[in-house]
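Asker: got a sequence here, can you model it:
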Amino acid sequence: MTRNVVISGGGTGIGLATARAFAADGDQVLLIGRRRDVLEGADVPGALTYAADLADPEAVRGVAGFVGREFGAVDVLVHCAGGNGLLEPPVGGDDPLDAVARDWTVNFRLNTLTAVLLTEALRERLAEPGGRVLFLSSIAAYRGSGRVSYAAAKAALHPYAHDLARELGPHGITVNVVAPGYIEDTGFFGDGMDEERRARLVAETSDKRAGTPGDVAATLHWLASPGAGHLTSQIIQVNGGAERGH
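Answerer: Residues are numbered from 1 along each chain as shown. Next comes the predicted model:
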């Protein structure tokens with residue numbers, strides 16, 4: 001059965017790999033992101049695209065209207081939008097408190113608010129039963145990252161997902177979180193990844209390799225499958241053993 005799949009951040013990295021996994025099943029995929037040119041160049045067979053800043057409530061209302069017209073019901077909602085606040089355009093000013101406020105606000109908007117607003121806008125359209133909501137967190141939510149604002153913004157998704165799972169569970173909808181470790185071939189680090197840092201991150205893993213967008217996409221794809229129908233309110237780590245347990 002063809003499913004309607006909405007993927008934020010679907011134009012690059014993990015989001016793009018996830019979109020291709022669902023499209024390979026013949027599902028109808030909608031890619032959402034801030035950059036129209038990136039979405040249109042994503043090369044996902046049959047995909048629809050919609051450019052929007054998902055931290056803007058008015059823009060999210062536009063997304064919801066588009067989804068209603070094109071899809072009606074949403075079978076799978078995958079939140080891959082987010083990123084590193086350090087890569088956002090800087091704001092002038094030297095006051096340290098202003099810098100702290102900006103850092104926390106930017107990371108919260110990128111990594112928490114985008115997911116929450118889109119979920120709330122589409123929750124009434126989630127398929128009942130069988131709907132799937134999937135969030136993308138990070139290993140940083142467990143151990144910090146050197147950028148506490150990013151780690152905290154990702155960690156905020158965990159209790160939100162747990163509450164959402166309780167609310168939507170009686171309707172046959174599951175809600176889960178995937179928390180990747182170091183993933184290569186994404187734009188997350190910008191130019192900030194050197195060989196020494198990469199070697200250290202790989203050495204932390206049990207399988208002694210970096211993760212790939214495909215590793216995370218495969219996990220998200222499985223969580224949306226019938227085989228994961230009794231799995232909800234869980235945080236699945238995809239980090240090669242760099243962070244153990246939980």
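
Asker: residues in contact with the spatially most central residue of the chain?
Answerer: Centroid check for the chain by Cα atoms, centre = their mean gives Cys80 as the closest residue, at 2.2 Å. Shown in contact with Cys80 (Cβ atoms under 8 Å, 6 or more residues apart in numbering): Ile7, Ser8, Gly9, Gly10, Gly13, Ile14, Gly15, Thr18, Leu136. Heads up, the C-betas are built off the backbone N, CA and C, glycines and all.

Asker: so who does the fourth one touch?
Answerer: Just to be clear, that refers to Gly10. 16, 18-19, 29-33, 39, 42, 44, 47, 78, 80.

Asker: pick the one among those closest to His162.
Answerer: Distance to His162 across the contacts of Gly10 (Cβ to Cβ) is lowest for Val78, with 18.0 Å.

Asker: now do the SS call for the closest one.
Answerer: strand (DSSP: H, G, I helix; E, B strand; the rest coil).

Asker: tell me how many other residues crowd it.
Answerer: 28 (other Cβ atoms under 10 Å).

Asker: thought it was touching Ile7?
Answerer: Yes - if you go by Cβ atoms under 8 Å, Val78 and Ile7 touch, sitting 4.6 Å apart.

Asker: who touches both of the two?
Answerer: In contact with both Val78 and Ile7: Gly15, Thr18, using Cβ under 8 Å, 6+ apart.

Asker: could you confirm Ser206 falls within a strand?
Answerer: No - Ser206 is assigned coil when assessed by three-state DSSP, not a strand.

Asker: quick check: pLDDT value at it.
Answerer: pLDDT, Ser206: 96.

Asker: need the contact list for it.
Answerer: Ser206 touches Gly240, Gly241, Ala242, counting by Cβ under 8 Å, 6+ apart.

Asker: neighbouring contacts of whichever strand or helix holds Leu168?
Answerer: Per DSSP states H and E: Leu168 is located in helix 157-168. Contact with helix 157-168 is made by 111-112, 115-116, 119, 123, 126, 131, 133, 135, 137, 141, 174-177, 232-233, 235, as judged by Cβ under 8 Å, 6+ apart.

Asker: any idea how far His171 is from Ala228?
Answerer: Distance, Ala228 to His171, by Cβ to Cβ, to the nearest Å: 16 Å.

Asker: neighbours of the residue nearest to Gly130 when sequence neighbours are not counted, just the number please.
Answerer: The shortest distance from Gly130 to any non-neighbouring residue, by Cβ to Cβ, 6 or more residues apart in numbering, is to Gly172 (6.0 Å). Per other Cβ under 10 Å, the neighbour tally for Gly172 reads 13.

Asker: closest to Glu204 out of the contacts of Ser206?
Answerer: Nearest to Glu204 among the contacts of Ser206, with distances taken as Cβ to Cβ, is Ala242, at 4.2 Å.

Asker: what about the strands in this protein?
Answerer: Under the criterion DSSP state E, the chain contains strands at 4-8, 28-33, 48-51, 76-79, 132-136, 174-180, 234-238.

Asker: the last one pairs with which strands?
Answerer: For strand 234-238, the paired strands and their directions (DSSP bridges) read strand 174-180 (parallel).

Asker: neighbouring contacts of the partner strand?
Answerer: The contact list for strand 174-180, computed with Cβ under 8 Å, 6+ apart, reads 14, 131-139, 141-142, 154, 157-158, 161-162, 164-165, 168-169, 211, 215-216, 219-220, 223, 228-229, 231-239.
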